[in-house]
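> sequence and predicted structure below; questions after.
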Amino acid sequence: MYQFKDGDRLNLDMFERVYSQALSIFNYLFSEQDEIFLDTNVYHRKSNKKRINPTKVYDRFFKNKELKLKLRQETLPFVFDVEEEPEEYYTSQFYLKCKKTRFRLPFTN
């Protein structure tokens, strides 16, 4: 596979090239005034007592802390087939609608 070389080593040249191309496409598609939806799914085992704080999912990307108040979370059933009992898992979905300029992303410099 192109992302690896010599077995398990990451091919950094290819990774940086693909990353740069993806950032160019993103910045071409979305203007500074566009609103975007960020959606992140986190998969959990119910027996794991540690819960994820919703603000930690996107916290380092907030330019303005008021975005924390707009972050929403839903708990959904687990959607993947697992060998174990599927009811032992669940999905936390975090989502946020914001303008591209209000969110600090690596590709919005």
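Sure thing, it's come through.
> helix or strand with the lowest mean pLDDT in the protein?
helix 54-58 (a mean of 69; mean pLDDT, DSSP states H and E).
> local confidence estimate at the most far-flung residue of the chain relative to its centre?
Largest separation from the mean C-alpha position in the chain: D6, at 28.8 Å (Cα atoms, centre = their mean). At D6, the model reports a pLDDT of 72.
> likewise K70?
87.
> residues in contact with the residue nearest to the spatial centre of the chain?
Centroid-nearest residue in the chain: T40, 4.6 Å away (criterion: Cα atoms, centre = their mean). By Cβ atoms under 8 Å, 6 or more residues apart in numbering, the contact set of T40 is 57-58, 93-95. Every residue, glycine included, has its C-beta placed from N, CA and C.
> how much space between it and D81?
Computed as Cβ to Cβ, to the nearest Å, the T40 to D81 distance reads 21 Å.
> what's the answer for F30, then?
Taken as Cβ to Cβ, the span from F30 to D81 is 34 Å.
> neighbour-wise, which of those two wins?
Between F30 and D81, F30 has the larger neighbour count (other Cβ atoms under 10 Å), namely 15 against 6.
> could you find the closest non-adjacent residue to that one?
Leaving aside its sequence neighbours, F30 sits nearest to K100 (Cβ to Cβ, 6 or more residues apart in numbering; 5.2 Å).
> that neighbour: how many residues sit nearby?
17.
> give me every residue that touches it.
Counting by Cβ under 8 Å, 6+ apart, K100 makes contact with 30-36, 108.
> also K46?
Applying Cβ under 8 Å, 6+ apart, the residues near K46 are 87-90.
> repeat for T75
T75 touches 90-93, counting by Cβ under 8 Å, 6+ apart.
> please identify the buried residues of the host helix or strand of it?
Using DSSP states H and E, the element containing T75 is strand 72-77. Going by neighbour count (16 or more other Cβ atoms under 10 Å), the buried part of strand 72-77 is Q73.
> that's all I had, so thanks and see you.
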